[in-house]
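**Q** Just to be clear, the model below is a prediction. Sequence and coordinates:
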Amino acid sequence: MSNTKKLRIAIIGGGIGGLTCAVALRDCPNIELTLYEQAAQITEIGAGITVWPRTWMFLKSMGLEEDLLTILPEGYSDEPKLAFEFRMSDRKDGFTFHKIYAKGGALCFHRQEIQKTLLKHVPEHCRIHLSHRLSRCEESEDCVKMYFENGLEETCDILIGADGIKSVTRELFQNNGIFYTGSQVFRGLIPKDDFAKSYPTHKALDGPIQYLDEGKPVDGPTIRSATTEEALHEFSGWEVEVGQLLGSIEKPSRWVIRDLRPMKTYVSRRIALVGDSCHNMTPHLGAGAGQAMEDGYVLGRLFSTAGPEKWERILQAYNHLRFMSALRPAYQAIPSSSDFCSDGSGTYSRLPNDAANSETRQLLNGEPVVHSSTHGGQITVHPNGHSYTYTYGPKGLAGLALNRYALLCAVFASIGGLSFGYDQGVDFMTRWPISPLEEGFMTAVLELGALVGALCAGIFADNYSRRFSMFISCIIFCIGSTLQCGARSLLHLFIGRAIGGVGVGALSTLSPLYMAEISPPEVRGSLMALEQFAIVLGVVLGFWLGYFTRDIPGSASWRIPLGVQIIPAVILILGCTFLPASPRLLVLQGRYDEAIASLAQLRLRSLAEAQEDPLIQIEFLEMRVEAAMIHRRFGTAENSKSALSAEWIAWKRLFGKNYRDRTMVGILIAFFQQWSGINALLYYGPILVRNIGLSGGNVTLLVSGGIGIVQFLAVLPVIAYIDKWGRRPLLRGGSIAMTCSHFSISILIILFASDWTAHSTAAWIGVGFVYTFTAAYGMSFGPVAWVLPSEVFPLSMRSKGVALSTASVWVNNFLIGLITPVTLEWSAAGTFMMFAVASFLAYIWVTYNVPETANVSLEEIDEMFKSSAGREESILKAQIEEDLGLRALIVRLARDEVRD
């Protein structure tokens, strides 16, 4: 028989928090459990308790679900549904302005019924002493001494203080105690059955609801009994439902709202506080009882799981887990009290001006809290207490300079785009005796290969790695380029371009994906715009190299440019051995230490600095949240299916009701990018230039070569400022400029094509419009089409959504390359008019269907698409953020900053 001494645990307070703790401790071995309650019997003051999803999960874990469902009239379902409704009610025509949704909603229980259920499950070995009011306690190294008003003195090893806002246990923590907020509320009980008979359609019968005004205080005396007439008078002018509620209160009273100054800790050596004794919740969010139950559950489960012999570590773990989790709802409840409470000024003090409460006051006044990292950068916590933004530095050129290593890696990765652009820029087709249809197919065959590469790249990259996938893609590209360079027939050239296209298409997916995953948030748009920059640079280099080698005798004039394109691919092959691994992929694979090391390298931090830098920790935790969401959404339901079946189901989701509109944004942004006519100019520039009246080989080549240079220069400011200017303004302005340019060129061709020699000025004006179009494209659809798809999809669907958008690029690129020579032969003016119509349709589409994704939250994107997908994911995401400690970290940083 074991002689292990039992750990003596005493709980002060028989309220909701104390009873929950006792129930959670029922399976803990080797403890002596005692509960002390100051009242002569265990009863509760108040009427209702709102139980949120996480609290419900805890109650189920304690085995209370069956009993609680018997006292839950509406039953329970896991489906996301309305949990809380907020109405602007200080007018007769009140309206709902905000709703909160949660998994299962917010469950409403009668407080006494929950207390009876908890009391029923308190373990038999727990001794309950009634009429024991604690007067003081003393903590020593060996035990805690308790002194009661009835003269009893007891000792225990661990004391759990669940004695409410007036806690005696808390006095040992040197907290200044409670203060008056200066607000008062009317409170009372309403018989539900009678109320439902009188007002069967009242919204309050459907669930928790708040009726608010715009902050106007209601004057009145301090705490005392009240009358129905008094309450109705002070809320006169409000919507009818408010009067119905107030008029149904049997015995109204007027309460002063008190609050507790923020605690620095919830535990000392042998004492732990739970519920209102450590984090009082003003009543407006209905969160106080739920948070007390969560405190009790977490503390009890820690003891039951780890064992009482580890009590010191258990108390510290409890403090770590609950301190931050309870802080956020406590803060959120404070501003609620100023919305619709009585002022009560003149008798009770307003919020005190001491440093201990400065963070509460700062969030109450709607001021963001900014925390600066010692390693550079800052985190801004917004007034709601849990949303935040962070940056490692400024946006624009200064931000690129600060993130120079990430910039260097992105430049290396963008060589994939350089290969794409270079292959478009090489002009060799006029040196082959082929028909317009063959000429179009020569261009289009690369796009067919690229389509295959783009669709396969994402799957390959997830199963292996981004770097290895880029490495293999470069090898494939080099094989295709070698076949092109050594081609002896048109068939050999077709095959080489098709194989090279597979490599180019894969790189067009992999390079932006890798760049997005290594980029800090403040310059992510800029670094992703490097893809378009590299494409344009490749076009320029390819064209001008072909221009300067055009007079070399024999096939060397085109073999040299085609052979040179192997060089950047070889550079990227070598670079893949030095590029850091994608930290996001490492997190997806569960390789957390490697992910931290890679992230530290990208952000120019040492490993030691990364461990203490809050920005690194936030970014790392965000990656873990994203990985957890993907695993939870797709890792369980499809585990039993074949890999092919699971992949097919995932792709089908893109066209389901929740994602269809987002998918169309990704597909159509690529469609309009290609049908703007840019690649027609790149592929067939000399032919198009001849059609607007310029003649002479050098002139047409130089003018068409200038197209690439203009586009190159236009992309530069977008790289620096796309995150400041936004996406929609660039797209709308660019589409209008492109429409006008194409339309003007078409009109010039119609008017002067019969005699360009006599109208050379008109021909050069046409060239000006070509360059205007090119500049507009380079500042709009060129870069934004690579950025926007990654922003409209929820986290779990982003990789496949981006892959599908990239595939759309290549499908439409293929069609453009195939039909442009045919349409030019049919009608040059008609070709430009076709591009003008497409550009105008792009303007209409952007105006009415494309959201502004710069600095927009997931919930706001949901509203734009009228979809619940993001809201459902936001519920899951919030829970994961809580579980992984991300929200706790954010709140701690805000707290530390304002206290400093």
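**A** All right, it came through fine. None of the values given here were measured: they were computed from a predicted structure.

**Q** after the lowest-mean-pLDDT helix or strand in the chain comes which helix or strand?
**A** The weakest-scoring helix or strand in the chain, judged by mean pLDDT, DSSP states H and E, is helix 358-364 (a mean of 42). Counting by DSSP states H and E, the next helix or strand C-terminal to helix 358-364 is strand 369-372.

**Q** Sheet partners, orientation included, of that next one?
**A** Paired strands of strand 369-372, with direction, are strand 378-381 (antiparallel) (DSSP bridges).

**Q** how close does the closest residue to Met62 other than its chain neighbours sit to Asp67?
**A** Spatial nearest neighbour of Met62, excluding adjacent residues (C-beta to C-beta, 6 or more residues apart in numbering): Val23 at 5.6 Å. In this view, the C-beta of every residue, glycine as well, is placed from N, C-alpha and C. As for Val23, its distance to Asp67 is 11 Å (criterion: C-beta to C-beta, to the nearest Å).

**Q** if I look at these two, which residues touch both of them?
**A** Residues within reach of Val23 and of Asp67 at once, by C-beta atoms under 8 Å, 6 or more residues apart in numbering, are His121.

**Q** Comparing the two, which shows the higher neighbour count?
**A** Neighbour tally, Val23 and Asp67, criterion other C-beta atoms under 10 Å: the higher count belongs to Val23, 25 against 17.

**Q** Quick one: residues contacting the more buried one.
**A** Met62, Leu64, Leu118, His121, Val122, Pro123, Gly296, Gly300.

**Q** now with 10 Å?
**A** Listed by C-beta atoms under 10 Å, 6 or more residues apart in numbering, the contact set of Val23 reads 59, 62-64, 117-123, 126, 293, 296-297, 300.

**Q** Which two among those are spaced furthest apart?
**A** For those, the farthest-apart pair by C-beta to C-beta is Leu59 and Cys126; their separation is 18.3 Å.

**Q** Who has more neighbours out of those two?
**A** Between Leu59 and Cys126, counted using other C-beta under 10 Å, the more crowded position is Leu59 (25 against 18).

**Q** OK, contacts around the nearest residue to the more buried one once chain neighbours are set aside?
**A** Computed as C-beta to C-beta, 6+ apart, the closest residue to Leu59 that is not its neighbour in sequence is Leu68, at 6.3 Å. Neighbouring residues of Leu68 by C-beta under 10 Å, 6+ apart: Val51, Trp56, Leu59, Lys60, Tyr76, Leu107, Phe109, Glu113, Ile114, Thr117, Leu118.

**Q** quick one: Leu68 and Gln112, what's the gap?
**A** Distance from Leu68 to Gln112, by C-beta to C-beta: 13 Å.

**Q** in stretch 748-759, what counts as buried?
**A** Leu748, Ile749, Phe752, Ala753, Trp756, His759 (16 or more other C-beta atoms under 10 Å).

**Q** quick one: low-confidence ranges for the stretch 401-550 of the chain?
**A** Scanning the stretch 401-550 of the chain with the threshold set as pLDDT under 70 gives 419-440, 443.

**Q** those strands in it, which residues are they?
**A** Assigned by DSSP state E, counting those that start in this stretch, the strands in the stretch 401-550 of the chain number zero.

**Q** Do a quick rundown of the helices in it.
**A** Using DSSP state H, counting those that start in this stretch, the helices of the stretch 401-550 of the chain run over 404-413, 415-425, 436-463, 466-485, 490-518, 524-548.

**Q** when you compare where the first one runs with where helix 490-518 runs, what's the angle?
**A** Meaning helix 404-413. Here the directions of helix 404-413 and helix 490-518 differ by 160 degrees (axes from the mean of the first three to the mean of the last three C-alpha atoms, to 10 degrees).

**Q** how about helix 404-413: buried residues?
**A** Ala406, Leu407, Cys409, Ala410, Val411, Phe412, Ala413.

**Q** tell me what that helix is packed against?
**A** With contacts taken as 3 or more C-beta pairs under 10 Å, 6 or more residues apart in numbering; DSSP states H and E, helix 404-413 sits against helix 396-402, helix 466-485, helix 490-518, helix 524-548, helix 566-576, helix 592-602.

**Q** just how off-centre is the fourth one within its chain?
**A** Translated: helix 524-548. 31 Å (C-alpha atoms, centre = their mean, to the nearest Å).

**Q** Please point out which parts of that helix sit buried.
**A** Quick answer for helix 524-548 (16+ other C-beta under 10 Å): 524-547.

**Q** quick one on the thing from earlier: what subset of the contacts of Val23 is buried?
**A** Using 16+ other C-beta under 10 Å as the burial test, these include Leu59, Met62, Leu64, Thr117, Leu118, His121, Val122, Cys126, Met293, Gly296, Tyr297, Gly300 as buried.

**Q** Nearest residue to the last one in space, please, no chain neighbours.
**A** Leaving aside its sequence neighbours, Gly300 sits nearest to Ala24 (C-beta to C-beta, 6+ apart; 2.3 Å).

**Q** Map the structural domains onto the sequence of this protein.
**A** 7-355, 396-551+558-565+658-856 (automatic domain parsing).

**Q** per-residue confidence averaged over the shortest one?
**A** Computed over domain 7-355, the mean pLDDT rounds to 76.

**Q** Might one say that the residue nearest to Gly300 is in contact with Phe58?
**A** Yes - counting by C-beta atoms under 10 Å, Ala24 does reach Phe58; the two are 8.4 Å apart.

**Q** ok, Pro561 touching Ile567?
**A** No - using C-beta under 10 Å as the test, Pro561 is too far from Ile567 to be in contact (11.2 Å).

**Q** who's more crowded, these two?
**A** The neighbour comparison of Pro561 against Ile567 (other C-beta under 10 Å) goes to Pro561, with 27 against 14.

**Q** which secondary structure element contains that one?
**A** helix 556-564.

**Q** Also Val802?
**A** helix 798-826.

**Q** name the element the residue nearest to Leu59 belongs to?
**A** Assessed by DSSP H and E, Leu68 sits inside helix 65-69.

**Q** Distance from that helix to the middle of the chain?
**A** The mean C-alpha position of helix 65-69 is separated from the chain mean by 35 Å, C-alpha atoms, centre = their mean.

**Q** Extract the C-alpha trace of that helix and format it as PDB.
**A** Extracted C-alpha coordinates of helix 65-69, given in PDB (Å, rounded to 0.1, in the frame of the first residue of the first chain):
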ATOM      1  CA  GLU A  65     -23.500  17.000 -21.400                       C
ATOM      2  CA  GLU A  66     -26.300  14.600 -20.800                       C
ATOM      3  CA  ASP A  67     -27.600  16.400 -17.700                       C
ATOM      4  CA  LEU A  68     -27.100  19.900 -19.300                       C
ATOM      5  CA  LEU A  69     -29.100  18.900 -22.400                       C
END
